[in-house]
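**Student:** One predicted model, sequence on top.
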Amino acid sequence: AQSVSQHNHHVILSEAASLELGCNYSYGGTVNLFWYVQYPGQHLQLLLKYFSGDPLVKGIKGFEAEFIKSKFSFNLRKPSVQWSDTAEYFCAVNARLGNDYKLSFGAGTTVTVRA
Amino acid sequence: NAGVTQTPKFQVLKTGQSMTLQCAQDMNHNSMYWYRQDPGMGLRLIYYSASEGTTDKGEVPNGYNVSRLNKREFSLRLESAAPSQTSVYFCASSDITRDVYNEQFFGPGTRLTVL
């Protein structure tokens, strides 16, 4: 079965620190990859996505992610976090299974940024 | 554009009661989805509708029914609510263009408590 693993359940860091959130998936075929963010009390918003091409993808708010096919990974990074980056982050992987697409989410990583 | 809207935002039910969660999108998307979000488990797909007139089970369909009323609206019904259905419910929509899967757009969520 297709699965998505996020390595960290809760990350706490100070402003200006660098952030890296791990994401690994189990599906071996062609995949589309996403990172979503959920700010407190809000709905999920797309941070960035990878379909094809350059494996280093830049998203909104200074986030980027690198797709490493050989490692089945799509890690999210931000060089210098701000207090406003406090949120829950979800990795999602979409893969074509027959005639359908199936989007699977990781369990999420809660990021707390201390001022 | 309002995007994806959901009603109600909050609901408290007693065990055995029924209710319908409403979802509408104004982006002319073909596909619509219902997820539940539980702590530490990410988002799990309950049902989806790839196009108007079709619905399919997702990962956790038991205890739920859905109706794709038209292209815009996709409702989720709990016939006999159980405490295990206490969760936050998100509706989402997306479009599929040829072989490219586009990201899903999420509604604000419905927080449901079953006593």
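**Tutor:** Perfect, thanks for sending it.
**Student:** And for residue 12, the neighbour number?
**Tutor:** Chain wasn't specified; assuming chain A. 11 (other C-beta atoms under 10 Å in any protein chain shown). From N, CA and C alone the C-beta is placed, and that goes for glycine too.
**Student:** oops, chain B please
**Tutor:** Neighbours around B:Val12, by other C-beta under 10 Å: 11.
**Student:** B:Gln25 now?
**Tutor:** Residues near B:Gln25, counting by other C-beta under 10 Å: 24.
**Student:** Pull the contacting residues for the closest residue to it other than its chain neighbours.
**Tutor:** Spatial nearest neighbour of B:Gln25, excluding adjacent residues (C-beta to C-beta, 6 or more residues apart in numbering or on different chains): B:Ser93 at 4.1 Å. By C-beta atoms under 8 Å, 6 or more residues apart in numbering or on different chains, the contact set of B:Ser93 is B:4, B:25, B:27, B:29, B:31-33, B:74, B:104-105.
**Student:** Same question for A:Glu64.
**Tutor:** Counting by C-beta under 8 Å, 6+ apart, the residues that A:Glu64 touches are A:48, A:56-58, A:76-78.
**Student:** Out of these, the closest to chain B would be?
**Tutor:** Each of the contacts of A:Glu64 was checked against chain B using C-beta to the nearest C-beta; the closest is A:Leu48, at 9.6 Å.
**Student:** neighbours around that closest one, how many?
**Tutor:** As a measure of burial, A:Leu48 has 20 neighbours, counting by other C-beta under 10 Å.
**Student:** my read: it touches A:Lys61, true?
**Tutor:** No: under the contact definition of C-beta atoms under 8 Å, A:Leu48 does not touch A:Lys61, with a separation of 9.6 Å.
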